[in-house]
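# Sharing a sequence plus its predicted fold:
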Amino acid sequence: MKTRLSSVLLLLLILGSSLVLRASRYDYKTQDRDAILAPATAQHWTGTDDLGRDRAVRVAAALLIGLTGAGLAAALTTAIAAAFGLLAAFSRPSSGSALMFLSEMFLSLPWFFLLMMVRSQLPLTASPAETAVATFLILAGLGWPACARAIYRGALELRSAEWMIQGRMCGLRTGQLIRRHLLPHLRFLLLPQFLVCMPAFLVAEANLGALGLGVGEPLPSWGSLLLELDNSALLARSGWVYLPIALLVLVLLILESFSAEEHINV
Amino acid sequence: MNLLMAIASRVARTLLLMLFAAAGTILQVRFAPGFFSDPREMDGRYAQAARIEMQEQSSRQEFAGRSAVNQVEGWFRGDFGESRQYGVPVSDLICARLRVSGSLLVRGLAQGWLLALCAAFPVSGLRGGGTLWGAPFTILLAIPTAAMATACILSQTGGPILVLTLLIASREFKFLHRLLTQAWRAPHVLQGRAQGLSVFSLVRRHILPNVAPQLGALAALSIVTALGALVPIEAIFTVPGVGQLAWSAVMNRDLPVVAAVSLLMALLVRVTGLVTTRTLALEGA
């Protein structure tokens, strides 16, 4: 029931954002010089920012970009974790230990610190689209180690299960065993990892953006929209400035309810 | 003898991981675009001299692996190098800021845990309504640290300690609530309740000893969470701590500082990791 309600809410948010982007005559980077810091009007439903850009359009675009980016990054990091964990579990014990040592190395630094360090070393001349792709790729590239370790342990246990031995005796290759038998058994680890990563990546992008290391302007993102909160002049003029943070919290609550539900089901 | 070997192997592994993490950081920063850029390039008067100096520097540091080895050798001699950005020894920079960050960490962690425990204990004893009572923590969990810090600045309420407290409390409440709910529902606790033991004695004699190992592990993990949160909190509140130093060093490609901060962070994470593993091992036993 809770999951269904969350799914409907999320779907409504996505549909609403797509509709706003389609219905508005402005795009996320068009500057209306006659309506800088404008309050809500018929032209700009939720007002404009300090460059005269339509806030509703920017928030809608940020929501879609954030969800798409975080979704793809979460899928990628889950795939990397699965590949790494399975490789370690099915290789020689010494190679498996070496691979786990490598994953432990990534876990030796606090995640956000590592993220900030890697993200800040990218070229400063990158285009906004490139920074968006790079940010989410870095999130995906650094989010896998903890899950890979869990998958490694899970796969090691399953490797010696009777049905795996039976499969091997029947002549199934390792690849077939993993694809047909092991991965379905590891679903209880992979799906929660994906669901936990989605909100975590959205929060990380917002925090990076607030430090000036997120998606580059003029492309809208949660991080760049949160930076608007620093402008006290803007806050005094319009309450719509709080729209991005309100929507972000709503999206995160929805995503966290999915992961909590999955945890209960497991 | 076996115990000594196990301890030695664990310590050696920790040291090795720390070294690898720090060396990886050095190589990553060293290969970053703009590592050899110099602010003097922008000044017409010094452009020529700066360029010559930079060429000399880059020819000295041509081999990245060598610079990593030099840096690590320096650490063993107690020399962390000189900050490119501030022109002072890195050890002086970090030592001055350690106290600020340490105080922030200790106070934030202590208050966060106190808040989470005070909320989780009564809520875990309830038969229902846990979701409702936990709602404020769930909402807090969904607010990015940076947004929380900005809200504090705008409302002129609280500061870095409050943000860290709320962050830790919101994260730990979820785990503590689950842990304590399970502990309250344990058969021996139910038996104790049926026999009329007071809540205080149940908590002191039956619940706390049972959940202590998990609490220890959780506390160690929350140190890692707090370490990660130090960077945005200190950067946004301009607290002169290690997190702000790390942010400024990373943005300015200040290699010696980044490497030293990475080593420090890795040391703290590995030591808390050792504590966690030890606690879980005790629990297993």
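Everything's here; your move.
# For chain A, which segments count as strands?
For chain A, strands defined by DSSP state E do not occur.
# Return the residues of it in contact with chain B.
A:101, A:104-105, A:107-113, A:116-118, A:120-124, A:199, A:203, A:206-207, A:209-211, A:222-223, A:226, A:229-230, A:232, A:235, A:245, A:248-249, A:252-253, A:256 (CB under 8 Å from any CB of the partner chain). C-betas here are computed from N, CA, C, even on glycine.
# Only the buried subset of these, as a ChimeraX command please.
Here is the ChimeraX command that selects the buried residues among these (16 or more other CB atoms under 10 Å in any protein chain shown):
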select /A:104,105,107,108,109,110,111,112,113,116,117,118,120,121,122,199,203,206,207,209,210,211,222,223,226,229,245,248,249,252,253,256
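# What pLDDT is listed against residue 234?
No chain specified, so I'll use chain A. Confidence at A:Leu234, expressed as pLDDT, is 69.
# um, chain B though
For B:Glu234, the pLDDT comes out at 92.
# show me where the chain has helices.
You didn't say which chain, so I picked chain A. A:2-23, A:55-90, A:93-106, A:111-120, A:128-142, A:145-159, A:162-169, A:174-177, A:183-185, A:187-210, A:222-226, A:232-237, A:243-265 (DSSP state H).
# think we crossed wires, I meant chain B
Assigned by DSSP H, chain B shows helices spanning B:2-30, B:47-60, B:64-76, B:90-124, B:130-141, B:145-155, B:160-184, B:187-194, B:199-202, B:208-237, B:242-251, B:255-284.
# Could you export those as CSV, including mean neighbour count?
Putting the helices of chain B into CSV (neighbours: other CB atoms under 10 Å in any protein chain shown) gives the following:
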stretch, mean neighbour count
helix B:2-30, 16
helix B:47-60, 12
helix B:64-76, 14
helix B:90-124, 18
helix B:130-141, 16
helix B:145-155, 20
helix B:160-184, 21
helix B:187-194, 12
helix B:199-202, 12
helix B:208-237, 21
helix B:242-251, 25
helix B:255-284, 20
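# Columns distance to A:Gly69 on top of the ones you listed, output as JSON lines?
Output for the helices of chain B, formatted as JSON lines (distance: least, CB to CB, whole Å):
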{"stretch": "helix B:2-30", "distance to A:Gly69": "23"}
{"stretch": "helix B:47-60", "distance to A:Gly69": "36"}
{"stretch": "helix B:64-76", "distance to A:Gly69": "31"}
{"stretch": "helix B:90-124", "distance to A:Gly69": "30"}
{"stretch": "helix B:130-141", "distance to A:Gly69": "21"}
{"stretch": "helix B:145-155", "distance to A:Gly69": "18"}
{"stretch": "helix B:160-184", "distance to A:Gly69": "24"}
{"stretch": "helix B:187-194", "distance to A:Gly69": "46"}
{"stretch": "helix B:199-202", "distance to A:Gly69": "48"}
{"stretch": "helix B:208-237", "distance to A:Gly69": "19"}
{"stretch": "helix B:242-251", "distance to A:Gly69": "22"}
{"stretch": "helix B:255-284", "distance to A:Gly69": "27"}
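# Averaging pLDDT per element, find the lowest-scoring helix or strand in chain B.
Sorted by mean pLDDT, DSSP states H and E, the helices and strands of chain B end with helix B:47-60, the least confident at a mean of 63.
# I'd assumed A:Tyr242 was in contact with A:Glu228.
No. Assessed by CB atoms under 8 Å, A:Glu228 is found out of contact with A:Tyr242, at 9.5 Å.
# for the residue nearest to A:Ala89 when sequence neighbours are not counted, what are its contacts?
Nearest residue to A:Ala89 in three dimensions, chain neighbours excluded: A:Ala155, at 3.6 Å (CB to CB, 6 or more residues apart in numbering or on different chains). Contact partners of A:Ala155, counting by CB atoms under 8 Å, 6 or more residues apart in numbering or on different chains, are A:85-86, A:89-90, A:182, A:186.
# Leaving out the residues flanking it, which one is nearest to the residue of the stretch 151-266 of chain A found nearest chain B?
Using CB to the nearest CB, A:Ala210 is the residue of the stretch 151-266 of chain A that sits closest to chain B, at 3.2 Å. Nearest residue to A:Ala210, sequence neighbours excluded (CB to CB, 6+ apart): B:Ala146, at 3.2 Å.
# could you measure the one you found against A:Val118, distance?
Computed as CB to CB, to the nearest Å, the B:Ala146 to A:Val118 distance reads 18 Å.
# Tell me the confidence at whatever residue of the stretch 151-285 of chain B ends up closest to chain A?
Residue nearest to chain A within the stretch 151-285 of chain B: B:Gly228 (3.5 Å; CB to the nearest CB). pLDDT, B:Gly228: 88.
# Would you mind listing where the stretch 151-266 of chain A has pLDDT under the threshold?
Residue ranges of the stretch 151-266 of chain A with pLDDT under 70: A:232-236, A:261-266.
# do that again at 90, thanks
Scanning the stretch 151-266 of chain A with the threshold set as pLDDT under 90 gives A:153-189, A:192-193, A:207-218, A:222-246, A:255-266.
# quick one, what contacts A:Ala150?
Counted by CB under 8 Å, 6+ apart, A:Ala150 has contacts A:85, A:189, A:193.
# cool, and A:Gly167?
So A:Gly167 contacts A:176-177, A:181 (CB under 8 Å, 6+ apart).
# One more pass at 7 Å, please.
Residues near A:Gly167 by CB atoms under 7 Å, 6 or more residues apart in numbering or on different chains: A:177, A:181.
# same check, this time on B:Ile143
By CB under 7 Å, 6+ apart, the residues touching B:Ile143 are A:Val249.
# Quick check: pLDDT value at it.
In this model, B:Ile143 is scored at 88, pLDDT.
# circling back: between A:Glu228 and A:Tyr242, which has more neighbouring residues?
A:Glu228 (19 against 13; other CB atoms under 10 Å in any protein chain shown).
# my guess is the residue of the stretch 151-285 of chain B closest to chain A contacts A:Leu115, does it?
No. Using CB atoms under 7 Å, B:Gly228 makes no contact with A:Leu115, being 8.8 Å away.
# how about the residues of the stretch 101-250 of chain B that lie near chain A?
Selection of the stretch 101-250 of chain B residues close to chain A by CB under 7 Å from any CB of the partner chain yields B:138-139, B:141-147, B:150, B:154, B:224, B:227-228, B:231-232, B:235-236, B:246-247, B:250.
# Domain map for chain B?
Chain B breaks down into these domains under automatic domain parsing: B:1-79, B:94-284.
# Tell me which residue of chain B is furthest from the middle?
In chain B, counting by CA atoms, centre = their mean, B:Gln195 sits farthest out from the average C-alpha position, at 44.3 Å.
# how close does that one get to B:Val203?
Here B:Gln195 is placed at a distance of 15 Å from B:Val203 (CB to CB).
# now A:Leu5
36 Å.
# And for A:Trp144?
Taking CB to CB, one finds A:Trp144 at 40 Å from B:Val203.
# related to what we said a few turns ago, deepest-packed of the helices of chain A, please.
Mean neighbours per residue, mean count of other CB atoms under 10 Å in any protein chain shown, is largest over those for helix A:222-226, with a mean of 26.
# Off-centre distance for that one?
Centroid separation for helix A:222-226 versus its chain: 15 Å, with CA atoms, centre = their mean, to the nearest Å.
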